[in-house]
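Student: Compute the structure for the input listed below.
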Amino acid sequence: MAKKDAAPTAEKKADDAPAAVAEAPAAAAEAQAQQTLIVDDSGVSAGYANFCRVSSTPEELILDLGLNPNPYATGEVKVPVTQRIIMNHFTAKRLLSALSMALQRHEQAFGVLETDVRRRVKRQGA
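Tutor: The predicted structure is shown next:
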């Protein structure tokens, strides 16, 4: 009697295999949707930058961040790079989207940000 139960079970598993394979991507997507990220910033090192240089290779995007001690100076100004962030282009695109949304919210709350320093100085002086 045990052998009869075992055989149909084995046949049933063989019949269900294609359905299980078809459900695997859906299960993976569901597991990914339920992922919870916990950000540990206990070892973070904060920095400030008013200068950014972007360069790229076919595999990576590189952000060099630094502090321009005198952004209004003329002539040659040496800007020390204090942080270098290297990421793949997929992460860079997600960062672009996140920064864009954050800046849109900021401008809706506080007004348009003028990135041209000369125009910004003229407005403040006017």
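Student: residue nearest the centroid of the protein?
Tutor: Nearest residue to the geometric centre of the chain (Cα atoms, centre = their mean): residue 95, 3.8 Å.
Student: So for that one, what's the nearest residue that isn't a sequence neighbour?
Tutor: Of all residues not flanking residue 95 in the chain, residue 87 sits nearest, at 7.1 Å (Cβ to Cβ, 6 or more residues apart in numbering). Any C-beta I mention is one placed from the backbone N, CA and C, and that applies to glycine too.
Student: that older thread, I'd say the residue nearest to the centre of the chain and residue 88 touch.
Tutor: No. Assessed by Cβ atoms under 8 Å, residue 95 is found out of contact with residue 88, at 10.7 Å.
Student: and residue 99, how far is that from residue 63?
Tutor: 11 Å (Cβ to Cβ, to the nearest Å).
Student: Starting from the host helix or strand of residue 85, tell me which strands it pairs with and how they run.
Tutor: Residue 85 belongs to strand 81-88 when elements are defined using DSSP states H and E. Sheet pairing here is set by DSSP bridges, and for strand 81-88 it gives strand 60-66 (antiparallel).
Student: returning to that earlier point: more neighbours: which of residue 99 and residue 63?
Tutor: Comparing residue 99 with residue 63 by other Cβ atoms under 10 Å, the one with more neighbours is residue 63, at 17 against 10.
Student: Is the more buried one bridged to anything, and to what?
Tutor: residue 54, residue 85.
Student: which ones are touching it?
Tutor: 52, 53, 54, 83, 84, 85, 86, 87 (Cβ atoms under 8 Å, 6 or more residues apart in numbering).
Student: Near the first one, how many other residues are there?
Tutor: A total of 12 residues lie near residue 52 under the criterion other Cβ under 10 Å.
Student: quick one: low-confidence ranges for this protein?
Tutor: 1-32, 123-126 (pLDDT under 70).
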